[in-house]
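Asks: Would you be able to build a 3D model of this:
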Amino acid sequence: MIVLNSQDGATNGSLNISRPSTEPLPDYITSNKSQPPRYSRVRRPKNPRTYTFTPHPLAIDANSMLMVPPEDADDQGQYRIAVSLNLNPFVPISYRTCVHRVEGDRESFIGDFELSLNHRRAILTIGDITTRLSNVLFNINASPRHWTWRWDEIGLRWDCRTTLEDGSPMCICYALRSPIQLATFVPPPLDAPPPLPEAVLTVFPDGHECFDHILLSALIMQRKIELDF
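Replies: So this is what the prediction gives:
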């Protein structure tokens with residue numbers, strides 16, 4: 001579903017009402033392929049790089065976090081992750097998470113996703129394309145912690161079925177059709193008392209080719225795990 005802005009115009013005091021089209025709506029996957037998303041390409045490092053999620057330094061921005069690279073990384077671009085509630089009376093109450101890449105004073109939009117508390121509403125936007133999450137994220141063998149992610153030519157497989165000793169999920173990302181490991185993601189334990197340990201995302205060199213998809217899919221999986229907790 002590609003979201004377009006439209007307005008009803010009025011002419012000579014009468015409403016302009018267009019007849020509904022009889023043409024079939026475009027398929028979501030076809031729409032994605034016809035307009036590929038615009039996402040930033042992080043330069044490919046020689047070694048794995050670990051990113052840390054930290055609270056936003058501005059106290060007034062309590063609903064945001066920053067994902068920051070290690071100090072020795074040549075690319076010091078950060079990612080700002082902001083969460084808000086959608087209280088639209090016509091849709092279920094949902095969490096909306098928005099991701100921007102921050103470079104100095106400039107921010108560029110990467111994508112966002114919206115998940116309702118009962119999982120029935122799930123919307124994903126990457127670049128200019130908006131679609132249902134069910135067109136991109138798929139459970140493997142009905143497991144709530146094993147997924148595939150498919151967006152055009154990008155295919156990932158996330159396995160979060162392992163739990164560490166402290167209760168944190170251990171999520172490993174592979175290329176969809178090969179055993180190549182692209183990333184690992186370790187969020188804090190869901191039942192740990194504050195202060196929570198920092199979540200970390202480690203991206204391997206090959207993973208930087210689809211960095212933004214790895215980040216978005218990791219955040220979505222964590223939200224779905226939280227809602228199932």
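Asks: in this structure, which segments are predicted with low confidence?
Replies: 1-42, 58-61 (pLDDT under 70).
Asks: now do 50
Replies: Applying pLDDT under 50 to the chain flags the ranges 1-39.
Asks: Go through this structure and flag its longest helix.
Replies: helix 211-228 (DSSP state H).
Asks: If you count neighbours, what's buried in that helix?
Replies: Buried residues in helix 211-228, counted by 16 or more other Cβ atoms under 10 Å: 211-225. For every residue, glycine as well, the C-beta is placed using N, CA and C.
Asks: ok, now stretch 108-123?
Replies: So stretch 108-123, judged by 16+ other Cβ under 10 Å, has buried residues 109, 110, 111, 112, 113, 114, 115, 116, 121, 122, 123.
Asks: Next: stretch 168-187.
Replies: Residues 168-169, 171-175, 182-187 are the ones in stretch 168-187 that count as buried (16+ other Cβ under 10 Å).
Asks: residues in contact with residue 228?
Replies: residue 144 (Cβ atoms under 8 Å, 6 or more residues apart in numbering).
Asks: Tell me how far it lies from residue 198.
Replies: Residue 228 sits 23 Å away from residue 198, going by Cβ to Cβ, to the nearest Å.
Asks: And residue 90, by the same measure?
Replies: 37 Å.
Asks: and what of residue 208?
Replies: Going from residue 208 to residue 198 by Cβ to Cβ gives 21 Å.
Asks: which of those two has more neighbours?
Replies: Set residue 208 next to residue 198 and count neighbours by other Cβ atoms under 10 Å: residue 208 wins out with 19 against 14.
Asks: That one belongs to a helix?
Replies: Yes - assigned with DSSP: H, G, I helix; E, B strand; the rest coil, residue 208 falls within a helix.
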